[in-house]
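**Q** here are the coordinates; sequence isn't available:
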């Protein structure tokens, strides 16, 4: 269940209220005329089943609420209400299968940006992976996989490809490239100091049966990356963070970066090349699978998603400088036709 808060000009209030009334997935509708001060307007709040929320947000955009007012969406953790239960049961489909595209848009936009937190997490994960490679410790490798934040940028690229958003793609690619370069550079510097101190030697990378998979990219590396990419996108769109942890553990991006960083000062150039290939194969697999998954979800959403009545634009909307009585919204007419049939 989602809570949607709308601030809209008074001329749109009746249409929004009728849209809510026309949807069986809406409950707890509250209208407070003139309650909003910035931006000025009426405050409309309601709870809605997640399955139908994307269609509602689309209709609100068509009314121009995003330009003349504001729309906020929050997740309701607990709703003790018979009406809410009825609304969720009446909405077709399941909330786990529903894709809230505006939510995904906001999340991938944030993940596409290069931040100090992203650099810190990726650098720390790469150093842990490098130590795991040196000590031949799979547990450290798994820990580094979980800590790595790179899938958010991968998902942002996938979303940008679906929406043909070149700016988002460029930002996410920049985040990945700079992030991995900085993480590898920091880890390489630490490994170089460790070699000067005599803590590590080239022999440490010569025999490590437990982590040798890092430097052996093959068809299975790509297949696992594809499966992880599909699971990652599904976990994001369904808001299943526990599944996303499994994605982090499946791909060998951070371990490959860590192995590159530690192999450079130890002069294992063959491993540097193999690890770079492993990193590229995993990123490519996730990008291909993630983009394809979003494309399928978008097709299914457009083809079989819930459709709400199209709101009629008033004369005031077509010409804001002129006032006119609002047109009768489609939702109201639909309700009257249903009453007549009864």
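**A** Yep, it's here. Keep in mind the model is a prediction, meaning the values are calculated, not measured. Numbering: from 1, shown residues only.
**Q** where does pLDDT dip in this protein?
**A** Residues of the chain that meet the criterion pLDDT under 70 lie in 241-244, 246, 303-342.
**Q** where do the strands of it begin and end?
**A** 2-8, 26-37, 40-48, 70-75 (DSSP state E).
**Q** out of those, which gets nearest to residue 87?
**A** strand 26-37 (4.3 Å; CB to CB). Glycine gets a C-beta too; all of them are placed from N, C-alpha and C.
**Q** just to revisit the earlier point, TSV please, covering the strands of the chain and showing mean neighbour count and distance to residue 301.
**A** What follows is the strands of the chain, written out as TSV (neighbours: other CB atoms under 10 Å; distance: least, CB to CB, whole Å):
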stretch	mean neighbour count	distance to residue 301
strand 2-8	21	16
strand 26-37	15	19
strand 40-48	21	16
strand 70-75	14	17
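**Q** what residues does stretch 278-290 touch?
**A** 151, 154-155, 157-158, 176, 180, 214-217, 221-230, 232-233, 251-253, 256-257, 260 (CB atoms under 8 Å, 6 or more residues apart in numbering).
**Q** so which of those belong to helices?
**A** Residues of these located in helices (DSSP state H): 151, 154-155, 157-158, 176, 180, 221-230, 232-233, 253, 256-257, 260.
**Q** buried residues in stretch 297-304?
**A** By 16 or more other CB atoms under 10 Å, the buried positions in stretch 297-304 come out as 297, 301.
**Q** gap between it and the chain center?
**A** Centre-to-centre, stretch 297-304 and its host chain are 17 Å apart (CA atoms, centre = their mean, to the nearest Å).
**Q** other residues contacting that stretch?
**A** Contacting residues not belonging to stretch 297-304 are listed as 54, 99, 101, 162, 233, 237 [CB under 8 Å, 6+ apart].
**Q** between the residues you listed, which sits nearest residue 125?
**A** Within these, proximity to residue 125 (CB to CB) peaks at residue 233, which comes in at 21.1 Å.
**Q** who are the contact partners of the nearest residue to that closest one once chain neighbours are set aside?
**A** Leaving aside its chain neighbours, residue 233 sits nearest to residue 293 (4.3 Å; criterion: CB to CB, 6 or more residues apart in numbering). If you count contacts by CB under 8 Å, 6+ apart, residue 293 has them with 158, 229, 230, 233, 234.
**Q** which ones among the contacts of stretch 297-304 map onto helices?
**A** Cross-referencing the contacts of stretch 297-304 against helices under DSSP H gives 54, 101, 162, 233, 237.
**Q** in those residues, find the pair that's most separated.
**A** Largest pairwise distance in the ones in helices among the contacts of stretch 297-304, by CB to CB, is 16.0 Å, between 54 and 233.
**Q** the two: which has the busier surroundings?
**A** Counted by other CB atoms under 10 Å, residue 54 and residue 233 do not tie: residue 233 has more neighbours, with 28 against 19.
**Q** does that one touch residue 296 like I think?
**A** No - counting by CB atoms under 8 Å, residue 233 does not reach residue 296; the two are 9.6 Å apart.
**Q** on that earlier part again, out of the ones in helices among the contacts of stretch 297-304, the closest to residue 121 would be?
**A** Nearest to residue 121 out of the ones in helices among the contacts of stretch 297-304 is residue 233 (CB to CB; 20.5 Å).
**Q** contacts only, for that closest one.
**A** Counting by CB under 8 Å, 6+ apart, residue 233 touches 155, 158, 289, 290, 293, 294, 297.
**Q** 7 Å - rerun?
**A** 155, 158, 290, 293, 294 (CB atoms under 7 Å, 6 or more residues apart in numbering).
**Q** surely the first one meets residue 236?
**A** Yes - taking CB atoms under 7 Å as the definition, residue 155 is a contact partner of residue 236 at 5.9 Å.
**Q** hmm, back to that, which among the contacts of stretch 278-290 end up buried?
**A** Buried by 16+ other CB under 10 Å: 151, 154-155, 157-158, 176, 180, 214-215, 217, 221-222, 224-230, 232-233, 251-253, 256-257, 260, out of the contacts of stretch 278-290.
**Q** and the closest residue to residue 228 other than its chain neighbours, how many neighbours?
**A** Among residues not flanking residue 228 along the chain, residue 250 sits closest, at 4.1 Å (CB to CB, 6+ apart). Residue 250: 17 surrounding residues under other CB under 10 Å.
**Q** roughly how far does residue 250 sit from residue 261?
**A** Residue 250 sits 21 Å away from residue 261, going by CB to CB, to the nearest Å.
**Q** same question, residue 175
**A** Taking CB to CB as the measure, residue 175 falls 19 Å from residue 261.
**Q** repeat that for residue 233.
**A** Applying CB to CB, the value for residue 233 to residue 261 is 29 Å.
**Q** check residue 173 too.
**A** From residue 173 across to residue 261, the span is 21 Å (CB to CB).
**Q** same deal with residue 136?
**A** Going from residue 136 to residue 261 by CB to CB gives 16 Å.
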